[in-house]
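Novice: no sequence for this one, just the structure:
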């Protein structure tokens, strides 16, 4: 399966503006960039606006309406809205998308109301995410209402109407490095978003994630995505990503080392102006895609095939 490329919007500095603004600040302008993103070879785009979950849902629907093939990765948090409400809204957006919507589960601290009734900590946050995802999946697949009484959620007659014949299952994306996070991701994630690091660090995290998924019989179902910052001058800021620089050919060669680990997707960070999108898409990404095709799919995805040869051409942005 060829490597896919995902656009991760950041902030832009429009002409005449004093400060940077979110990628989606002016949707008329954003629509033009979405068309370019789609044309130059990106397969997906992340919708993660600072305004929050409900705004993200609205933006996701707009992106899907304005594009024909671009898939939307919707940033989502447990606890912002009730699972039944979230399941219905996401099922509705997903049905209209024609299968172009996936869910990126983020970990956030519990709110102050929750803190009054139970201790707040890393493990508690992930326990709630686990229960939330169990409920979403059940609501997307059940054919009759059900009741649920759990640690974090209580549901009476939970049901999502107007589901398709195969339910409303969405691709789940997760990340994390702690044992607790990996345990939950191993149970639920279809795509695991890796943390930035050296070739060896990324390889080790992939092995840990596969091990967690194997406990649920899902090791072979887990795909991997890696955040990457590509720049030809000014560095991308505000994101933690594997950072590659230099001419397009050099940047593409650097990423071959990571592709050799068996990564399925590169999440490209900090490429937000039309010129950056066009340059990276038509040069760096095209060169990388063509290099993988020439080497042959079997060679390109053989674990470690190019890691040692090209590892010196990559570094992590800290």
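Specialist: All right, it came through fine. Just so it is clear, the structure is predicted and the values come from calculations on it, not from any experiment.
Novice: Quick one: residues contacting residue 274.
Specialist: When the contact criterion is Cβ atoms under 8 Å, 6 or more residues apart in numbering, the partners of residue 274 are 32, 33, 36. For the C-beta atoms, the positions are set from N, CA and C on the backbone; glycine is no exception.
Novice: Restricted to strands, list these.
Specialist: Restricting the contacts of residue 274 to those inside strands, with DSSP state E as the criterion, leaves an empty set.
Novice: ok, those residues vs residue 73, which is closest?
Specialist: Residue 73 lies nearest to residue 33 out of the contacts of residue 274, by Cβ to Cβ, at 16.5 Å.
Novice: Hmm, residue 277 and the closest one touching each other?
Specialist: Yes. Using Cβ atoms under 8 Å, residue 33 and residue 277 qualify as a contacting pair, with a distance of 6.4 Å.
Novice: Pull out the buried members of the contacts of residue 274.
Specialist: Among these, those that count as buried by neighbour count (16 or more other Cβ atoms under 10 Å) are 33, 36.
Novice: want to try TSV for the contacts of residue 274, with pLDDT and distance to residue 194 as columns?
Specialist: Below are those laid out as TSV (pLDDT from 0 to 100; distance: Cβ to Cβ, whole Å):
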residue	pLDDT	distance to residue 194
32	91	31
33	93	26
36	95	27
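Novice: of the contacts of residue 274, closest to residue 284?
Specialist: When these are compared for distance to residue 284 (Cβ to Cβ), residue 36 comes out closest, at 14.9 Å.
Novice: Helices of the stretch 151-300 of the chain, start to end?
Specialist: Along the stretch 151-300 of the chain, counting by DSSP state H, counting those that start in this stretch, helices occupy 179-188, 199-214, 248-259, 274-279, 286-295, 297-300.
Novice: Could you list the low-pLDDT ranges of the stretch 51-200 of the chain?
Specialist: Across the stretch 51-200 of the chain, the ranges flagged by pLDDT under 70 are 108-120, 164-166.
Novice: how about the strands of it, start to end?
Specialist: 71-77, 101-106, 146-149, 154-158, 171-175, 191-193 (DSSP state E, counting those that start in this stretch).
Novice: Out of these, which is closest to residue 249?
Specialist: Comparing those against residue 249 with Cβ to Cβ, the closest turns out to be strand 191-193 (26.9 Å).
Novice: Would you list the strands that that closest one pairs with, along with their directions?
Specialist: Pairing partners of strand 191-193, with direction, according to DSSP bridges: strand 171-175 (parallel), strand 223-231 (parallel).
Novice: ok and the last one relative to strand 101-106, angle-wise?
Specialist: Just to be clear, that refers to strand 223-231. Interaxial angle of strand 223-231 relative to strand 101-106 (axes from the mean of the first three to the mean of the last three Cα atoms, to 10 degrees): 80 degrees.
Novice: Can you give the contact residues for strand 223-231?
Specialist: With Cβ under 8 Å, 6+ apart as the contact definition, strand 223-231 has outside contacts at 6, 8, 173, 190-194, 196, 202, 206, 209, 235-236, 239-245, 251, 255, 258, 261-271, 280, 284, 317.
Novice: Run through the helices of the stretch 1-150 of the chain in chain order.
Specialist: The residue ranges that make up the helices of the stretch 1-150 of the chain, judged by DSSP H, counting those that start in this stretch, are 27-39, 53-66, 83-97, 112-117, 122-141.
Novice: got JSON lines for those, with distance to residue 46 too?
Specialist: JSON lines is the format used below for the helices of the stretch 1-150 of the chain (distance: least, Cβ to Cβ, whole Å):
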{"stretch": "helix 27-39", "distance to residue 46": "11"}
{"stretch": "helix 53-66", "distance to residue 46": "10"}
{"stretch": "helix 83-97", "distance to residue 46": "15"}
{"stretch": "helix 112-117", "distance to residue 46": "27"}
{"stretch": "helix 122-141", "distance to residue 46": "18"}
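Novice: I'd like to know which of those helices is closest to residue 295.
Specialist: Among these, if distance is taken as Cβ to Cβ, the winner is helix 27-39, at 25.6 Å.
Novice: Tell me what angle the closest one forms with helix 53-66.
Specialist: Comparing the axes of helix 27-39 and helix 53-66 via the same axes, to 10 degrees yields an angle of 60 degrees.
Novice: hang on, the earlier thing: so which of the strands of the stretch 51-200 of the chain is nearest residue 293?
Specialist: When the strands of the stretch 51-200 of the chain are compared (using Cβ to Cβ), the closest one is strand 71-77, at 21.5 Å.
Novice: I'd like the strands of the stretch 51-200 of the chain as a markdown table, with mean neighbour count and distance to residue 90 appended.
Specialist: Converted to a markdown table, those look like this (neighbours: other Cβ atoms under 10 Å; distance: least, Cβ to Cβ, whole Å):
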| stretch | mean neighbour count | distance to residue 90 |
| --- | --- | --- |
| strand 71-77 | 23 | 8 |
| strand 101-106 | 21 | 7 |
| strand 146-149 | 12 | 18 |
| strand 154-158 | 14 | 14 |
| strand 171-175 | 22 | 11 |
| strand 191-193 | 24 | 16 |
